[in-house]
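S.K.: predicted model and sequence below, questions to follow.
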Amino acid sequence: MKIFLLILLLAISLQSFGQKNYRIKKCIWSITPPAAYSARVDNFEKIVKAGETYIKKQKNDGVTLSTDDTVLFSLAKTDSVQMNIVLASYKNNESIEQYTLKGYAEILGEYLEIHPKDNSPKNTVNVLVRELVIDKMKFYLIRKTTNYTVEKYSYTSDYYVAEIEGKEFSITAIYDNEFDKQKIEKAVLESTFK
């Protein structure tokens, strides 16, 4: 009996090993990062400023910049520099209030489908927007696959977006192969909310 209890305790501790918990307002989100992915140190301030500059150059369509972005984590596969990454964050988003979560996801999907084609008409872009539930939490998945026909290369960006207590919660994943897609997708879909 003692051996059985010891094995059970060991199994439970191994299962929770590597699991990360993050507070989003009153909610606790738990995720087990994909194997071979580790924390990445990014210069988010530089990226945010570049995004703000881009938005300011666009026509003023009533877009309000968020001033409270919180990056929960940035993970990257140990052998990748720019591909095979996962990023989770939450922030205020008045667009969700204005258009609803579904409307916001559809607008984002339309935007992602149109704008990359402006850069190179030879590229093909496929965008899919669908509703899904992760541990009783409604999300919209916006999946964009970009095929570079000349270079014979493609990659996919998955953007999972939900609303938690009036804030946008998002998980972004970028990958270029089926193996990493499955690992990332498994981690995201098996995450929990309490």
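M.R.: Nice, I can see it.
S.K.: so which bits of the longest helix along the chain are buried?
M.R.: Longest helix in the chain by number of residues (criterion: DSSP state H): helix 94-119. For helix 94-119, the buried set under the neighbour-count rule, 16 or more other Cβ atoms under 10 Å, comprises Ser95, Ile96, Leu101, Tyr104, Ala105, Leu108, Gly109, Leu112, Glu113. Every C-beta, even on glycine, is put in place using the N, C-alpha and C of the backbone.
S.K.: now do stretch 154-162
M.R.: Neighbour-count burial for stretch 154-162 [16+ other Cβ under 10 Å]: Tyr155, Thr156, Ser157, Asp158, Tyr159, Tyr160, Val161, Ala162.
S.K.: save the residues you listed as CSV, and put in distance to Phe179 too.
M.R.: Putting those into CSV (distance: Cβ to Cβ, whole Å) gives the following:
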residue, distance to Phe179
Tyr155, 14
Thr156, 13
Ser157, 17
Asp158, 15
Tyr159, 20
Tyr160, 19
Val161, 25
Ala162, 26
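S.K.: show me the helices in the chain, by range?
M.R.: For the chain, applying DSSP H gives helices covering 2-16, 44-57, 94-119, 178-189.
S.K.: report the distance from the longest one to the chain centre.
M.R.: A distance of 15 Å separates the C-alpha centroid of helix 94-119 from that of its chain, computed with Cα atoms, centre = their mean, to the nearest Å.
S.K.: and the last one, by the same measure?
M.R.: In terms of Cα atoms, centre = their mean, the gap separating the centre of helix 178-189 from the centre of its chain is 12 Å.
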